[in-house]
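> how would this look folded up:
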Amino acid sequence: MVLGVTGGVGAGKSTILDILKGRYGAFVIEADKVGHEVQKPGENGYKAIVNEFGTEILTADGAIDRAKLAAIVFADQQKLTRLNTLLHPIIYNKIQEKIKEIERTQKHPLIVLEAAILFETGFDRCCDATIYVHADEHVRLKRLLKQRGYSEQKATDIMKNQLKDDEFRMRADFVIENNGNISETENNLGRLLWRFKVGGSFSSPIN
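As a prediction, this is how the structure comes out:
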């Protein structure tokens, strides 16, 4: 089974991933890391970016200068859209390859795909079910200021540019609340996973 995990910045998706890996033996695929992987020299994403933006976005050793590329695309919405149009199908295909490879090993009862923009990219098509990790806005803001050192303005700007709570809820199959009570979060996640009974590998729900 492939379970998609998404949610806004600061919602605590990493906490959910840690539980899924540590307690349930899940294999986690993080879409952001796959995105970095396909931009390495020789990969399809690398070739697509260089063809589109030229060799001036490369470092001296031939790697993509991510800071330089970001400066270009975030200053021009059309270029950002073009970059996403190029990369998202490549990332999707790479994710599919990884899922098939993991399924062949039969070593993990669950595969988890984490992506902040799971629905916007269409990566949810890789999943059998999806979870929206929710935390109240003031909780998310506090986490971003304390854990990531963001300014309040930066945190607020990022949050405004992500899907709204009602849209996440509408598109996701399940919602897990993650406002800070770890025991409650684990209980809710355990009950949800018990419903799937993937290969009989999950323990009974936590009481």
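
> For Glu52, the count of nearby residues, please.
14 (other C-beta atoms under 10 Å). No exception for glycine: its C-beta is placed from N, CA and C like everyone else's.

> ok, it - contacts?
Arg82, Leu83, Leu86 (C-beta atoms under 8 Å, 6 or more residues apart in numbering).

> roughly how far apart are the last one and Ala48?
Distance from Leu86 to Ala48, counting by C-beta to C-beta, to the nearest Å: 4 Å.

> In contact with Asn188, which residues?
Ile176, Glu177.

> Just the ones of the contacts of Glu52 in helices?
Among the contacts of Glu52, DSSP state H puts Arg82, Leu83, Leu86 in helices.

> Please identify the member of the residues you listed with the greatest number of neighbours.
Highest count within the ones in helices among the contacts of Glu52 by other C-beta under 10 Å belongs to Leu83, 21 neighbours.

> any idea how far Leu87 is from the closest residue in space to Asp65 that isn't next to it in sequence?
Leaving aside its chain neighbours, Asp65 sits nearest to Thr59 (4.9 Å; criterion: C-beta to C-beta, 6 or more residues apart in numbering). Distance of Thr59 to Leu87, computed by C-beta to C-beta: 19 Å.

> I'd like to check what contacts whichever helix or strand Thr15 is part of. Which residues are they?
Following DSSP states H and E, one finds Thr15 within helix 13-24. Outside helix 13-24, the residues that touch it by C-beta under 8 Å, 6+ apart are 3, 5-7, 26-28, 30, 109-110, 112, 114, 116, 131, 133, 176, 178, 182, 185-186, 189-190, 193, 201-202.

> Stretch 138-147 too?
Contacts for stretch 138-147 (C-beta under 8 Å, 6+ apart): 8-12, 135, 150-152, 155-156, 158-159, 179-180.

> again, only using 6 Å
Gly10, Ala11, Tyr150, Ala155, Asn179 (C-beta atoms under 6 Å, 6 or more residues apart in numbering).

> cool, stretch 103-114 as well?
Contacts for stretch 103-114 (C-beta under 6 Å, 6+ apart): 1-5, 13, 17, 20, 24-30, 99, 102, 126-127, 198-199, 201.

> Narrow the residues you listed to those in strands?
Secondary structure from DSSP state E places Val2, Leu3, Gly4, Val5, Phe27, Val28, Ile29, Glu30 of those in strands.

> Just give me the closest of those to Ala71.
Of all those, Glu30 has the smallest distance to Ala71: 24.1 Å, by C-beta to C-beta.

> count of neighbours near the closest one?
18.

> any idea how far Lys33 is from the residue nearest the centre of the chain?
The centroid of the chain falls nearest to Ala115 when counting by C-alpha atoms, centre = their mean (1.6 Å). According to C-beta to C-beta, Ala115 stands 10 Å off from Lys33.

> Repeat that for Thr156.
Distance from Thr156 to Lys33, by C-beta to C-beta: 26 Å.

> buried set for stretch 69-76?
By neighbour count on 16 or more other C-beta atoms under 10 Å, the buried set for stretch 69-76 is Leu69, Ile72, Val73.
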